[in-house]
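**Q** Please work out how this folds:
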Amino acid sequence: MAKINNLQIVKQDRENVVPHLYTVLLAEGVERDTLREKLESKGIQTGVHYLPNHFLTLYKKKLLAELPVTEAVYPRLLSLPLHLDLNRDEQKFIASTLRSYLA
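**A** Here you go, the predicted structure:
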């Protein structure tokens, strides 16, 4: 797979776990919400998953330590389409669209 500037694939244990999300890490300075809007305008749905626990109401009062890495990484995570009906042409379209927006 050709590299896409300003994007890193989040490694997953694909030997022991069946992935249900395809998550990427955007480079610092890339506005995730703006990118999501651009992709949506091309018919590419994305997602943002797994709000860090210490952002959830239940845990806000129980935070025992600062989590600067989590807070820096979370706004840069983006889930791309991943499903059985995603054909090769659609995969190429998603990649080329991402490549053009992140160049």
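**Q** any low-confidence regions in this structure?
**A** Applying pLDDT under 70 to the chain flags the ranges 1-2, 63.
**Q** Strands of this protein, start to end?
**A** Secondary structure of the chain by DSSP state E: the strands cover 7-9, 22-26, 77-80.
**Q** could you dump these to JSON lines with distance to residue 33?
**A** For glycine as for every other residue, the C-beta is placed from the backbone atoms N, C-alpha and C. Below are these laid out as JSON lines (distance: least, Cβ to Cβ, whole Å):
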{"stretch": "strand 7-9", "distance to residue 33": "16"}
{"stretch": "strand 22-26", "distance to residue 33": "11"}
{"stretch": "strand 77-80", "distance to residue 33": "10"}
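**Q** Looking at those strands, spot the one closest to residue 50.
**A** Set against residue 50 and scored by Cβ to Cβ, those come closest in strand 77-80, at 7.9 Å.
**Q** which residue is nearest the centroid of the chain?
**A** residue 78 (1.6 Å; Cα atoms, centre = their mean).
**Q** I'd like the distance from it to residue 64, if you could.
**A** As for residue 78, its distance to residue 64 is 29 Å (criterion: Cβ to Cβ, to the nearest Å).
**Q** ok so, going back, which residues are in contact with the residue nearest to the centre of the chain?
**A** 23-26, 32, 35-36, 46-48 (Cβ atoms under 8 Å, 6 or more residues apart in numbering).
**Q** contacts for stretch 13-26?
**A** Stretch 13-26 is contacted from outside by 6-10, 12, 32, 35, 47, 49, 73, 76-82, 102, using Cβ under 8 Å, 6+ apart.
**Q** What's the ChimeraX syntax to select whichever of those residues are buried?
**A** To isolate the buried members of the contacts of stretch 13-26 in ChimeraX, using 16 or more other Cβ atoms under 10 Å:
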select :6,7,35,76,77,78,79,80,81,102
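**Q** Just the C-alphas of whichever helix in the chain runs longest, formatted as PDB.
**A** Counting by DSSP state H, the longest helix found in the chain is helix 88-102. Provided in PDB are the C-alpha atoms of helix 88-102 (Å, rounded to 0.1, in the frame of the first residue of the first chain):
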ATOM      1  CA  ARG A  88     -11.400  -2.800  -4.400                       C
ATOM      2  CA  ASP A  89     -12.500   0.300  -6.500                       C
ATOM      3  CA  GLU A  90     -14.100   1.800  -3.400                       C
ATOM      4  CA  GLN A  91     -11.000   1.200  -1.400                       C
ATOM      5  CA  LYS A  92      -8.900   2.900  -4.100                       C
ATOM      6  CA  PHE A  93     -11.400   5.800  -4.200                       C
ATOM      7  CA  ILE A  94     -11.100   6.300  -0.400                       C
ATOM      8  CA  ALA A  95      -7.300   6.200  -0.500                       C
ATOM      9  CA  SER A  96      -7.000   8.600  -3.500                       C
ATOM     10  CA  THR A  97      -9.500  11.000  -1.900                       C
ATOM     11  CA  LEU A  98      -7.600  10.900   1.400                       C
ATOM     12  CA  ARG A  99      -4.300  11.300  -0.500                       C
ATOM     13  CA  SER A 100      -5.600  14.400  -2.300                       C
ATOM     14  CA  TYR A 101      -7.000  16.100   0.800                       C
ATOM     15  CA  LEU A 102      -3.900  15.300   2.900                       C
END
